[in-house]
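Engineer: Pasting a predicted model and its sequence here:
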Number of protein chains: 2
Amino acid sequence: MKEPKQRSACPISTSLDVLGDKWTLLILRDMVFAGKSTYGQFLQSAEKIATNVLADRLAVLESQGILTKEVAADKKSKFTYRLTEKGLDIVPIIVSHILWGARHYTTDIDPGLLDELRTGKDAAVEKYQQLARNA
Amino acid sequence: MKEPKQRSACPISTSLDVLGDKWTLLILRDMVFAGKSTYGQFLQSAEKIATNVLADRLAVLESQGILTKEVAADKKSKFTYRLTEKGLDIVPIIVSHILWGARHYTTDIDPGLLDELRTGKDAAVEKYQQLARNA
DNA sequence: CTTTACACTTGCAAATCGCAAGTAAATATA
DNA sequence: TATATTTACTTGCGATTTGCAAGTGTAAAG
């Protein structure tokens, strides 16, 4: 129902079939770097994703095994989204976007984080993956 | 005329404002890993980009200073597109997509290239940037 | 028993995409 | 010199996707 079709056998093309739009990586950013895990939290981000687009992207990400959806511990009317290992493997893609964006455009990135990513990228990737695992 | 608008001051969001679609990174892939440099060559790729979409993306990439467009040395009816340093800085993004796509989906990537990227990512990035500079 | 919180779904206009065809300038061929 | 071809687009149009506003449904709170 929500499966993106594979345009070619190229790994870049295949990645883009799933992640190649303006919203998907922002949802994953919110999970990894802001600790967000619910629909309502994703809606509050600065970029103002539309509700139907958010619902659609979450469904695709779930169908692709990038995140899991389960009823929240506290409320039964709430869902908690968590990254799978396949989802955590996307962190390097996110980090590469951060570095390029921060280098070539004016942004409000925390200088401490930027320095951390620049000087020890691999260690930082592992750190944020581990943080997301325990979130 | 072709400037994408910045949705927020987040560097990831800003990167996606420019690169976040299903085609842009494929054009850059063709330049870096296939040595392509003309409109006609980009059209021949396996994913079959539409002519109007290709023209639009090339205009955006040029307006963003990611590539330059100049009349070809041999023919005046032909243009040569070349990556700028800002464009070459996108290679790590492309490589991260390759690694994720190749890990989680079935693709036709050359095993030698994959191994090169896995075992010495930074060196490989620099190698392909240098190759593109001399193309 | 009504209100609020939360997670969506629906309807619709606007923007974008995909496909086929057409245009225009430079070059090659007869 | 006339015609055909190459190369790089542009145009038109139906189909898909997006963005925005409003509505629906269920669980918890008051």
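Structural biologist: Sure, I can see it.
Engineer: What segments of chain A are strands?
Structural biologist: In chain A, the segments counted as strands under DSSP state E are A:67-71, A:79-83.
Engineer: from these, which stretch is densest packed?
Structural biologist: Mean neighbour count (mean count of other Cβ atoms under 10 Å in any protein chain shown) peaks for strand A:79-83 among these, with a mean of 19. The C-beta positions use only the backbone N, C-alpha and C, and glycine is treated the same way.
Engineer: close to DNA strand C, is it?
Structural biologist: Yes: for strand A:79-83, a contact with DNA strand C is found by Cβ under 7 Å from any atom of the strand, at residue A:79.
Engineer: Same question for stretch A:22-32.
Structural biologist: No: Stretch A:22-32 lies apart from DNA strand C when judged by Cβ under 7 Å from any atom of the strand; the minimum separation is 9.7 Å.
Engineer: Excluding residues flanking it in the chain, which one is nearest the residue nearest the centre of chain A?
Structural biologist: Geometric centre of chain A, nearest residue: residue A:28, 1.1 Å, by Cα atoms, centre = their mean. The shortest distance from residue A:28 to any residue other than its chain neighbours is 5.7 Å, reached at residue A:90 (Cβ to Cβ, 6 or more residues apart in numbering or on different chains).
Engineer: Measure how buried that neighbour is and give me the count.
Structural biologist: As a burial measure, residue A:90 scores 26 neighbours (other Cβ atoms under 10 Å in any protein chain shown).
Engineer: In chain A, what residue lies closest to DNA strand C?
Structural biologist: Nearest residue of chain A to DNA strand C: residue A:40, at 2.9 Å (Cβ to the nearest atom of the strand).
Engineer: Count residues in the vicinity of that residue, would you?
Structural biologist: Neighbours around residue A:40, by other Cβ under 10 Å: 11.
Engineer: From residue A:77, how far off is it?
Structural biologist: 11 Å (Cβ to Cβ, to the nearest Å).
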